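1. here are the coordinates; sequence isn't available:
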C-alpha cells in the first residue's frame, strides 16, 4: 500500500521529524519514509524504553505504514539529552542497523530544539 497523489506530501509533512525522550541517554534510529515517486523524508526516533534499536523500529514502522508509506531504518546510534543544560550529543552506532548519518540527525534536532546551546555529534563509542 502506498500514499497516492498530491496528498502524499502533506501526509509526509504531518509525520514529526523528531520524537525523542526529554532527558537521558538512550538509543535512537534514523528512519527513511518513502511515498510515491521521489517523495521521502528522514525522521529521528529515540527512547530510553528500547532495549534494542529494532524495538524502536518495530513500534514506529506500523504507524508510518498505516499512513500509506514504506519505511526503512537507515542506521542508529545513541543520544545524550540534557534538557536542563540545553544540549544534545549524538554518537555511536546500532549493532543491527549500522551507524546512522549523525549529521542528518543533528540537523533535524537543531530544527526541533532551536534554543539549545549545543547539539553535536561524534562517531565514537557504542
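-> Perfect, thanks for sending it. Just so it is clear, the structure is predicted and the values come from calculations on it, not from any experiment. Numbering: from 1, shown residues only.

2. tell me the secondary structure for residue 62?
-> helix (DSSP: H, G, I helix; E, B strand; the rest coil).

3. and the average pLDDT for the longest strand along the chain is what?
-> Secondary structure of the chain per DSSP state E: the longest strand is strand 70-82. In this model, strand 70-82 carries a mean pLDDT of 98.

4. elements contacting that strand?
-> strand 24-34, strand 40-47, helix 53-66, strand 87-91 (3 or more CB pairs under 8 Å, 6 or more residues apart in numbering; DSSP states H and E). (Each C-beta comes from the backbone N, C-alpha and C, glycine too.)

5. okay, angle between that strand and strand 40-47 too, please.
-> For strand 70-82 against strand 40-47, the angle by axes from the mean of the first three to the mean of the last three CA atoms, to 10 degrees is 50 degrees.

6. which one of the helices and strands packed on strand 70-82 lies nearest to residue 18?
-> Of all these, strand 40-47 sits nearest to residue 18, with 4.7 Å by CB to CB.

7. shaky segments in this structure?
-> For the chain, the stretches flagged by pLDDT under 70 are 1-6, 126.

8. and stretch 43-54, what's buried?
-> Going by neighbour count (16 or more other CB atoms under 10 Å), the buried part of stretch 43-54 is 43-47, 50, 53-54.

9. residue 64: neighbouring residues, count only.
-> Residue 64 is flanked by 18 other residues according to other CB atoms under 10 Å.

10. ok, the closest residue to it other than its chain neighbours - how many residues close by?
-> Excluding the flanking residues, the one nearest residue 64 by CB to CB, 6 or more residues apart in numbering is residue 71, at 4.6 Å. Residues lying near residue 71 (other CB under 10 Å) number 21.

11. now do the contacts for residue 71.
-> Neighbouring residues of residue 71 by CB atoms under 8 Å, 6 or more residues apart in numbering: 31-34, 60-61, 64-65.
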